[in-house]
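Novice: test case, fold it:
(2 chains)
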Amino acid sequence: MAAPESGDGNNGAARMVTLISSDNTRFEVEAAAASLSQTLQLTILDGGGGGGDGIPLPNVDSATLSKVLEYCIKHAPAAANGGAPNATAVDRAELERFDNEFVNIDQSVLYSLIMAAHNLEIEGLQSLVAKKVADMIKGKSPMEIRRTLGFPDPTPEEQAEMNAHMLEYGWAYE
Amino acid sequence: MAAASSVLPDDALAGVFRRLPARSLAASRRVCKAWRALIDAQQLLLRLRHLLPHSVRGINYIDHYRPHFFARPTSTPGPQIDGEFRFIAYEKPWSWYSVQDHCNGLVLRSADLFNGDNMYVINPATRRWDHLPPCGEDDDWNRRAFIVFDPAVSPHYEVLMAPPEEGIMPSSWRWHVLSSTTKTWEEKVFVREGHDVEEESVSDHYCLTPDDDDDGASLHIGREHCMCIAVVNLSRALDNDKPRLRVWILNESADKRTTEWLLKHQSSLNPHAWWTNTRRKDDPQQRSDAGPWIMDDTRTNEDAYDDDYEYNKKDWDSDDDNIIPDSIPNNEEEDCFETVDFLGFHPYKEVIFLSTGTTVACHLNNAKARFGGAAI
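Specialist: Predicted structure coming up:
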């Protein structure tokens, strides 16, 4: 029985896989980077995504996927080290700088990233974007949160409900 | 742009909520129905309850029956707190009012000496207030009332109204209790258990606070529903000129089956020294209102303090600053307030706040008194 053509990464050159976005753009990346996604990891371990096949990702458009892969490529070396216990302070600082800049993006892009990180189960990216949204919420009133996150203005019913629930917790919280 | 609630899956939102402090989480809970449902379903707020309170904005306390808010200027984020409750829309003007009690940020206040049904519960921080219904037929303004509130246990408060005739604490006691869940008064019988601190302390000491209507000792009970209850007893032994401070803690055994009173702290106080050492009229920086804590801005009132009011923004958290010498400097025999009032407990440090005209933070561990600021 022949081994899969794509090999297992032991032959020098890093193994590459192809991901196909919902709008049919093909992205070729190192298997190690794509494997940060729990969803893709099994497929890749099974030898999928190599050669001309490609792994279709019908829920992720090309703009989002390119952003996701930017994150994965940057974080793959540290992840390969098992959480990078040997990483130097410089490396860690560089990753932190990258992360901060990475989420400094338009809100619609941020939401697409949250969805993609969720669907692809990329743990580090999930917590990075969650932290970003949490930072946008912190210290704000319910109305300010609605405005910041682009909610439409509340209907009178919603407004009444917001007030009622303020009373419910008003004794303990502001 | 589509709203976050319609875009984001619950798991991703929950990940966001888990990164929020309690205050922001409570705000998020009011943003929309979907968020509220998610936060409630995952009990995210309850998860945080052991972390409360997150910061000490200041303490509310009562002096001459009026409410005050006492805070550190450097540690008070958010909108200013109105210690005089000017935000309450009273049904009619009050001719007289007094603060009955306060507990963990809520203040119980009654208005109009001759109209006892005007009782209010107020949260100065959230500006929320309740007008309580009258308590039964035999409503009496002279009845003592207490408020019990612990946000770490429940978002609701209870108000307890003592029986009209108190005297020495009987073995069983019929009180009225109102919970903010029902807003109605119910009768409850309390049974005394074990050692009675109050009785013991009353017998051989006399009261420090002339206008105190307690039966002999200046007592404060707080932290009900918590792991411990502390009773502070400020008394002056007849054979000793100095007032004594004694603090008892109600200690729960590990299995929570038994409780016992522990004398946690005992020391002599020297209010005369505090007063003298913190009030030097010739030096504004050394004056009693130059402490790191300041009172709410009540200086526009008729009892306004002098114009050269200044305070010091020094950080209060280090253990050695602002310690008040326990001896009186030579040739500095000034008139001093003879009374020591209890202002409150620090919520998570072993510190109590006392007032002798000057506010003093007293450390129970080393009995050192630290200067807080003016409290007149």
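Novice: make it CA atoms for all contacts and neighbour counts henceforth
Specialist: Noted.
Novice: per-domain residue ranges of chain A.
Specialist: A:16-81+A:88-138, A:139-174 (automatic domain parsing).
Novice: show the end-to-end separation of the longest one, please.
Specialist: Across domain A:16-81+A:88-138, the terminal residues are separated by 41 Å (CA to CA, to the nearest Å).
Novice: show me how far it is from its chain's centre.
Specialist: Computed by CA atoms, centre = their mean, to the nearest Å, the chain-centroid distance of domain A:16-81+A:88-138 equals 5 Å.
Novice: how about that domain against chain B, any contact?
Specialist: Yes - contact of domain A:16-81+A:88-138 with chain B (CA under 8 Å from any CA of the partner chain) involves A:108, A:111, A:114-115, A:118, A:126-127, A:130-131, A:133-134, A:137-138.
Novice: by mean pLDDT, flag the weakest helix or strand of chain A.
Specialist: When the helices and strands of chain A are compared on mean pLDDT, DSSP states H and E, helix A:156-169 comes out lowest with a mean of 72.
Novice: can you read off the pLDDT for the closest residue in space to residue B:44 that isn't next to it in sequence?
Specialist: Nearest residue to residue B:44, sequence neighbours excluded (CA to CA, 6 or more residues apart in numbering or on different chains): residue B:18, at 7.1 Å. Note for residue B:18: predicted pLDDT of 87.
Novice: cool, and residue B:26?
Specialist: 79.
Novice: that one and residue B:32: what is the separation?
Specialist: From residue B:26 to residue B:32 the distance is 12 Å (CA to CA).
Novice: where in the stretch 51-200 of chain B is pLDDT low?
Specialist: B:51-86, B:90-99, B:104-105, B:110-117, B:125, B:136-142, B:150-155, B:165-173, B:190-200 (pLDDT under 70).
Novice: in it, which residue sits closest to chain A?
Specialist: Closest to chain A within the stretch 51-200 of chain B is residue B:126: 4.9 Å, counting by CA to the nearest CA.
Novice: now that residue: which helix or strand?
Specialist: Assigned by DSSP states H and E, residue B:126 belongs to neither a helix nor a strand.
Novice: can you redo the residues of domain A:16-81+A:88-138 next to chain B as TSV with pLDDT?
Specialist: Below are the residues of domain A:16-81+A:88-138 next to chain B laid out as TSV (pLDDT from 0 to 100):
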residue	pLDDT
A:108	86
A:111	89
A:114	91
A:115	90
A:118	90
A:126	93
A:127	91
A:130	92
A:131	92
A:133	92
A:134	92
A:137	90
A:138	89
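Novice: now for those residues: which two are most distant?
Specialist: The largest separation in these, counting by CA to CA, is between A:118 and A:138 at 22.1 Å.
Novice: which one of residue B:26 and residue B:32 is surrounded by more residues?
Specialist: Taking neighbours as other CA atoms under 10 Å in any protein chain shown, residue B:26 and residue B:32 compare with residue B:26 leading, 25 against 19.
Novice: any idea how far the more buried one lies from chain A?
Specialist: Per CA to the nearest CA, to the nearest Å, residue B:26 is found 7 Å from chain A.
Novice: tell me the helix or strand right after the strand or helix carrying that residue.
Specialist: Using DSSP H and E, residue B:26 falls within helix B:22-29. Next helix or strand after helix B:22-29 toward the C-terminus (DSSP H and E): helix B:33-41.
Novice: which other helices and strands contact that next one?
Specialist: Contacts defined by 3 or more CA pairs under 8 Å, 6 or more residues apart in numbering or on different chains; DSSP states H and E place helix B:33-41 against helix B:10-17, helix B:22-29.
Novice: repeat that with 6 Å
Specialist: Here helix B:33-41 touches no other helix or strand, going by 3 or more CA pairs under 6 Å, 6 or more residues apart in numbering or on different chains; DSSP states H and E.
Novice: and the contacts of that helix?
Specialist: Residues from elsewhere that reach helix B:33-41 (CA atoms under 6 Å, 6 or more residues apart in numbering or on different chains): residue B:29.
Novice: got the angle between that helix and helix B:22-29?
Specialist: 130 degrees (axes from the mean of the first three to the mean of the last three CA atoms, to 10 degrees).
Novice: now do the buried residues in helix B:33-41.
Specialist: B:35, B:36, B:38, B:39 (16 or more other CA atoms under 10 Å in any protein chain shown).
Novice: buried ones in the strand or helix carrying residue A:28, by neighbour count?
Specialist: If you go by DSSP H and E, residue A:28 is part of strand A:26-30. Neighbour-count burial for strand A:26-30, counted by 16+ other CA under 10 Å, picks out A:26, A:27, A:29, A:30.
Novice: and the next helix or strand past it?
Specialist: Sequence order places helix A:31-34 as the next helix or strand after strand A:26-30, per DSSP H and E.
Novice: list the helices and strands that following helix packs on?
Specialist: Helix A:31-34 packs on helix A:62-80, going by 3+ CA pairs under 6 Å, 6+ apart.
Novice: alpha carbons of the helix it packs on, as PDB, please.
Specialist: Coordinates of each C-alpha in helix A:62-80 appear next as PDB, following Å, rounded to 0.1, in the frame of the first residue of the first chain:
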ATOM      1  CA  SER A  62     -10.800  35.200   0.900                       C
ATOM      2  CA  ALA A  63     -10.200  38.500   2.700                       C
ATOM      3  CA  THR A  64     -10.900  36.800   6.100                       C
ATOM      4  CA  LEU A  65      -8.900  33.700   5.300                       C
ATOM      5  CA  SER A  66      -5.900  35.700   4.200                       C
ATOM      6  CA  LYS A  67      -6.000  37.500   7.600                       C
ATOM      7  CA  VAL A  68      -6.500  34.200   9.500                       C
ATOM      8  CA  LEU A  69      -3.500  32.700   7.700                       C
ATOM      9  CA  GLU A  70      -1.400  35.800   8.500                       C
ATOM     10  CA  TYR A  71      -2.100  35.000  12.200                       C
ATOM     11  CA  CYS A  72      -1.400  31.300  11.800                       C
ATOM     12  CA  ILE A  73       1.900  31.700  10.000                       C
ATOM     13  CA  LYS A  74       3.100  34.100  12.600                       C
ATOM     14  CA  HIS A  75       2.100  31.900  15.500                       C
ATOM     15  CA  ALA A  76       3.000  28.500  14.000                       C
ATOM     16  CA  PRO A  77       6.700  28.400  15.100                       C
ATOM     17  CA  ALA A  78       5.800  29.200  18.700                       C
ATOM     18  CA  ALA A  79       2.900  26.700  18.700                       C
ATOM     19  CA  ALA A  80       5.200  24.000  17.300                       C
END
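Novice: lovely, talk soon.
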